[in-house]
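**Q** Sequence and predicted structure below; questions after.
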Amino acid sequence: DAGVIQSPRHEVTEMGQEVTLRCKPISGHNSLFWYRQTMMRGLELLIYFNNNVPIDDSGMPEDRFSAKMPNASFSTLKIQPSEPRDSAVYFCASSPLLNQPQHFGDGTRLSIL
Amino acid sequence: DAKTTQPPSMDCAEGRAANLPCNHSTISGNEYVYWYRQIHSQGPQYIIHGLKNNETNEMASLIITEDRKSSTLILPHATLRDTAVYYCIVRAVMKTSYDKVIFGPGTSLSVIP
């Protein structure tokens, strides 16, 4: 079975550039989550969707961050403009229903120079 | 903030049982204990969860004390592939709202040949 698929796996770009991270949740899962992981702050929830609708974006660090879920099989996390402190591993996770265990992708390792 | 405390690291001999403790002394009546693990360079992986009864699945067993203030995750026969960071998480499961999954620093388990 295909798990959560994230792309790209690695991204290196210069500060000021727009970065778009992509996620395909597991088919049939109604909830989708975006996390960020750094050495300093650990794993943090950024935003989550239920039935394609954003429910809580209080974890999004700044207005430079935005996330969309145009349909049940695709979500994006966009950073514009990017800064070096945005360097982290970004994970997408999905679950069948909101309160059921989450399945994580393998993440996108983002480096902003 | 995480509602749990775990030892930062543990070692276990290959083939032996790995017993990972977790303290959650402020747990509420509607809060479950969840365990996830994260193998290097991968996303977190759900292991098991429970409310007050002991639970077992193909991956592990979860033992929750009678007062629910602590629990132990047991990997019955640890292999090298079980080397990972193990996260103990306490969260409520409610029908009409979502209690965020908050990851603390976890326990880094090293399985030694």
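**A** Nice, I can see it.
**Q** Tell me the spatial nearest neighbour of B:R16, not counting adjacent residues.
**A** B:A78 (6.1 Å; Cβ to Cβ, 6 or more residues apart in numbering or on different chains). The way it works is simple: take the backbone N, C-alpha and C, and place the C-beta from them, glycine included.
**Q** Quick check: that neighbour touching B:N19?
**A** No - the pair B:A78 and B:N19 fails to qualify as a contact (Cβ atoms under 8 Å) at a distance of 9.9 Å.
**Q** Same drill for these two, tell me which one is more crowded.
**A** B:A78 (21 against 15; other Cβ atoms under 10 Å in any protein chain shown).
**Q** Which secondary structure element is home to that one?
**A** For B:A78, there is no enclosing helix or strand under DSSP states H and E.
**Q** Residue of chain B closest to chain A, please.
**A** Here the residue of chain B nearest chain A is B:G43; by Cβ to the nearest Cβ that distance is 3.1 Å.
**Q** Report whether stretch A:2-10 contacts chain B.
**A** Yes - judged by Cβ under 8 Å from any Cβ of the partner chain, stretch A:2-10 comes into contact with chain B through A:V4.
**Q** now that stretch, how far from the centre of its chain.
**A** Here stretch A:2-10 is found 10 Å from its chain centre; the criterion is Cα atoms, centre = their mean, to the nearest Å.
**Q** most centrally placed residue in the chain?
**A** If you meant another chain, say so; for now it's chain A. A:W34 (3.4 Å; Cα atoms, centre = their mean).
**Q** looking at chain B here, not the other one
**A** B:W35 (3.2 Å).
**Q** re earlier: for the residue of chain B closest to chain A, helix, strand, or coil?
**A** coil (DSSP: H, G, I helix; E, B strand; the rest coil).
**Q** what are the phi and psi values for A:P84?
**A** phi -50, psi -30 (degrees, to the nearest 10).
**Q** That one: how many residues sit nearby?
**A** Neighbours of A:P84 (other Cβ under 10 Å): 10.
**Q** ok, the closest residue to it other than its chain neighbours to chain B distance?
**A** Spatial nearest neighbour of A:P84, excluding adjacent residues (Cβ to Cβ, 6+ apart): A:I112 at 4.9 Å. To chain B, A:I112 is 20 Å away according to Cβ to the nearest Cβ, to the nearest Å.
**Q** Buried ones in stretch A:14-30, by neighbour count?
**A** A:19, A:21-26, A:29-30 (16 or more other Cβ atoms under 10 Å in any protein chain shown).
**Q** Please save the CA atoms from that stretch in CSV.
**A** Extracted in CSV, the C-alpha atoms of stretch A:14-30 (Å, rounded to 0.1, in the frame of the first residue of the first chain):
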residue,chain,number,x,y,z
GLU,A,14,18.7,30.6,-1.7
MET,A,15,17.0,32.9,0.8
GLY,A,16,14.2,35.0,-0.7
GLN,A,17,13.1,32.2,-3.1
GLU,A,18,9.7,30.7,-3.0
VAL,A,19,9.5,27.1,-1.7
THR,A,20,6.6,24.7,-2.3
LEU,A,21,6.4,21.4,-0.5
ARG,A,22,3.9,18.8,-1.7
CYS,A,23,2.0,16.0,0.0
LYS,A,24,-0.2,13.2,-1.2
PRO,A,25,-2.1,11.7,1.7
ILE,A,26,-3.2,8.0,1.9
SER,A,27,-6.3,7.5,-0.1
GLY,A,28,-9.4,7.6,2.0
HIS,A,29,-7.8,9.6,4.8
ASN,A,30,-9.8,12.6,5.7
